[in-house]
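Asks: With the sequence up front, the predicted model follows.
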Amino acid sequence: QVQLVESGGGSVQAGGSLRLSCAASGRTFSDRNMGWFRQGPGKDREFVASINRSGTSTYYADSVKGRFTISRDNSKNTLYLQMNRLKPEDTAVYYCAADPQRAMTANDWAYWGRGTQVTVSS
């Protein structure tokens, strides 16, 4: 079992930056592949980025590649998402996830946080 709590969301203007954090409970954070997903208004939840246990491999959706950076600090049991050059279409609830059931980019993960709202105005 793992509990995930996201933070760092907010409202920014287009072109701005935010850094999301996801605090994970338990002692096995370093054994878990982790990811970020988002769900915009009227849209399905979609993959944003994921990272392997050691942080040596990362994956990104084409829509965020070059603007977002996923990272982790296993000593702090924390996952991060640095979001730069934000666009209005990035507006969504952002979710942290742990333990993919299939691919690192698929939508079925074992554990989910409750999400944090990100709103980008033009």
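Replies: Now that the structure is in, tell me what you want to look at. Since we're looking at a predicted model, the values are computed, not measured.

Asks: what's near enough to touch Ser121?
Replies: By CB atoms under 8 Å, 6 or more residues apart in numbering, the contact set of Ser121 is Ser11, Val12, Gln13, Ala14, Pro88. All C-beta spots, glycine's among them, are computed from the backbone N, C-alpha and C.

Asks: typo on my end, Arg67
Replies: Residues in contact with Arg67 (CB under 8 Å, 6+ apart) are Met83, Asn84, Arg85, Leu86.

Asks: how about those residues, which pair is most distant?
Replies: Using CB to CB, the contacts of Arg67 span at most 8.3 Å, a distance reached by Met83 and Arg85.

Asks: So in that sheet, which strands flank the top strand by length along the chain, and in what orientation?
Replies: Of all the segments of type strand in the chain, defined by DSSP state E, the longest one is strand 92-100. Sheet pairing here is set by DSSP bridges, and for strand 92-100 it gives strand 34-39 (antiparallel), strand 109-112 (antiparallel), strand 116-121 (antiparallel).

Asks: Of all the ones you listed, which one comes closest to Gly66?
Replies: So among the strands paired with strand 92-100, strand 34-39 is nearest, using CB to CB, at 15.6 Å.

Asks: mind listing what's buried in that closest one?
Replies: Across strand 34-39, burial judged by 16 or more other CB atoms under 10 Å covers Met34, Gly35, Trp36, Phe37, Arg38.

Asks: can you pull the pLDDT of the second one?
Replies: For Gly35, the pLDDT comes out at 98.

Asks: Report the beta-bridge partners for it.
Replies: Note on Gly35: beta-bridge partners Ser50, Ala97, judged by DSSP bridges.

Asks: show me what contacts it?
Replies: The contact partners of Gly35, taken as CB under 8 Å, 6+ apart, are Phe47, Val48, Ala49, Ser50, Ile51, Ile70, Cys96, Ala97, Ala98, Pro100, Met104, Trp109.

Asks: swap the cut-off to 10 Å and go again
Replies: 22, 47-51, 59, 70, 79, 81, 95-100, 104-107, 109, 112 (CB atoms under 10 Å, 6 or more residues apart in numbering).
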